[in-house]
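Engineer: Please find the sequence and the predicted model below.
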Amino acid sequence: MTTPSAHPEPVHGIPVSPRLTCHPEKQRLYGADTYYQESHEQLAALTDDVTGFAHCHAALLLKPDAVVSRRLDAAVEWLAEQDYRIVGAAITRLTRTMIRSLWYFQWNLATPYRRRLAALFLEDADALVLLVRPGRPSDIPASVQLTRLKGPTDPEARVPGQLRHLLGRYSYLLNLVHTPDEPADVLRELAVHFDHAERDRLFRSALAGEDLTGYALGLADRLYAATKPRDLDFGPAAERLRAALSGRPGPGPDATPRQLLEHAWEHGIAIDPWDAVIVGSSVLPMRQPGRAPVLDGAGVDEWRRHLDTVRDALI
């Protein structure tokens, strides 16, 4: 008498190498993620070493706040000082859908205030994505190293030398730049930003090792020409908000900036979107207390331990 064989576990996606992320859960989820699959499969048609490509490349997203504050050139200069070569560059538009796709596994931390404010400024101007490669080999992925050098989200925790410290310590939300945390995130986020044709151009230029610094600066000039420069400092924005509400019924002269902003929203009073973001991101809660992201990155030390474990498993 034969025993029926057990049904095999269903396969939901493609394998994700442990060399692309420290997190088994990210391996599982990204393998079934449409964006990751698209990027991985397209790159695999161009190179036999997808993992190696993802290890030695990082991406830097220069957000609309970096555009209107005219900090793109400073970021390009900083990359050169850190010995990163720009091997790909393209303009992207951070729509409502794209924002949620990029931070799909972390957006559960956002408060309703943060979601509302992000919608006001992320779609106000285009943004710039730079694909970069370090000039020297490293024992950790380029994305992990660049994320460390970029600096934390908390403006009070940034230190001199970090990119976010250089570009401006405005607020939790107005942090000007973003980097994918791990190699798997680099692949996934390139597919969130770009269609097949644009990714093909980026992958091919990166594989060729072209230095596209001049091209990136040209794109920066295009972005500047399409937008008005803005001052992102809190004090002037709070004064402009107060002036916009002066003479109207509502909060008195001693009202706090938060009271002014919430009054304007409650009564449908039109205010400058950037002033709302500058003030709101400084006085309103941006992160839900007690919550952890569904998926997160990993620091330099964690990656070194992880790679040692992966190497030991292969011996």
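Structural biologist: Ah, there it is.

Engineer: pull the longest helix from this protein.
Structural biologist: helix 300-314 (DSSP state H).

Engineer: Just the CA atoms of that one, as CSV, please.
Structural biologist: Only the C-alpha atoms of helix 300-314 are listed here, as CSV (Å, rounded to 0.1, in the frame of the first residue of the first chain):
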residue,chain,number,x,y,z
VAL,A,300,27.4,47.9,9.0
ASP,A,301,28.2,45.6,11.9
GLU,A,302,25.1,43.5,11.4
TRP,A,303,26.0,43.0,7.7
ARG,A,304,29.6,42.0,8.6
ARG,A,305,28.2,39.3,11.0
HIS,A,306,25.7,38.3,8.4
LEU,A,307,28.2,37.8,5.6
ASP,A,308,30.4,35.8,7.9
THR,A,309,27.5,33.5,8.6
VAL,A,310,26.7,33.2,4.9
ARG,A,311,30.3,32.4,4.1
ASP,A,312,30.5,29.8,6.8
ALA,A,313,27.3,28.1,5.5
LEU,A,314,28.9,27.8,2.1
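
Engineer: list the buried ones in it?
Structural biologist: By neighbour count with 16 or more other C-beta atoms under 10 Å, helix 300-314 contains the buried residues W303, H306, L307. In this view, the C-beta of every residue, glycine as well, is placed from N, C-alpha and C.

Engineer: Let me have those in a markdown table, extended by distance to A225 and pLDDT.
Structural biologist: Supplementary listing: these in a markdown table, determined by distance: C-beta to C-beta, whole Å; pLDDT from 0 to 100:
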| residue | distance to A225 | pLDDT |
| --- | --- | --- |
| W303 | 40 | 95 |
| H306 | 44 | 94 |
| L307 | 44 | 91 |
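
Engineer: Out of those, which comes closest to T179?
Structural biologist: W303 (14.2 Å; C-beta to C-beta).

Engineer: List the contacts of A220.
Structural biologist: Going by C-beta atoms under 8 Å, 6 or more residues apart in numbering, A220 touches L72, D73, V76, L128.

Engineer: does the second one belong to a helix or a strand, and which?
Structural biologist: This means D73. Following DSSP states H and E, one finds D73 within helix 72-81.

Engineer: can you check the last one too?
Structural biologist: Taking DSSP H and E as the definition, L128 sits inside strand 127-134.

Engineer: which residues in the stretch 101-250 of the chain form helices?
Structural biologist: Along the stretch 101-250 of the chain, counting by DSSP state H, counting those that start in this stretch, helices occupy 112-121, 142-150, 163-167, 183-193, 196-208, 213-225, 234-245.

Engineer: For L173, which of those helices is the nearest?
Structural biologist: Across the helices of the stretch 101-250 of the chain, closest to L173 is helix 112-121 (C-beta to C-beta), at 6.0 Å.

Engineer: CA atoms only for the closest one, dumped as PDB, please.
Structural biologist: Provided in PDB are the C-alpha atoms of helix 112-121 (Å, rounded to 0.1, in the frame of the first residue of the first chain):
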ATOM      1  CA  PRO A 112      -2.000  60.700   9.400                       C
ATOM      2  CA  TYR A 113      -0.200  64.000   9.700                       C
ATOM      3  CA  ARG A 114       2.900  62.600   8.000                       C
ATOM      4  CA  ARG A 115       0.900  61.100   5.200                       C
ATOM      5  CA  ARG A 116      -0.900  64.400   4.600                       C
ATOM      6  CA  LEU A 117       2.200  66.500   4.600                       C
ATOM      7  CA  ALA A 118       4.100  64.100   2.400                       C
ATOM      8  CA  ALA A 119       1.400  64.400  -0.200                       C
ATOM      9  CA  LEU A 120       1.800  68.200  -0.200                       C
ATOM     10  CA  PHE A 121       5.500  68.300  -1.100                       C
END
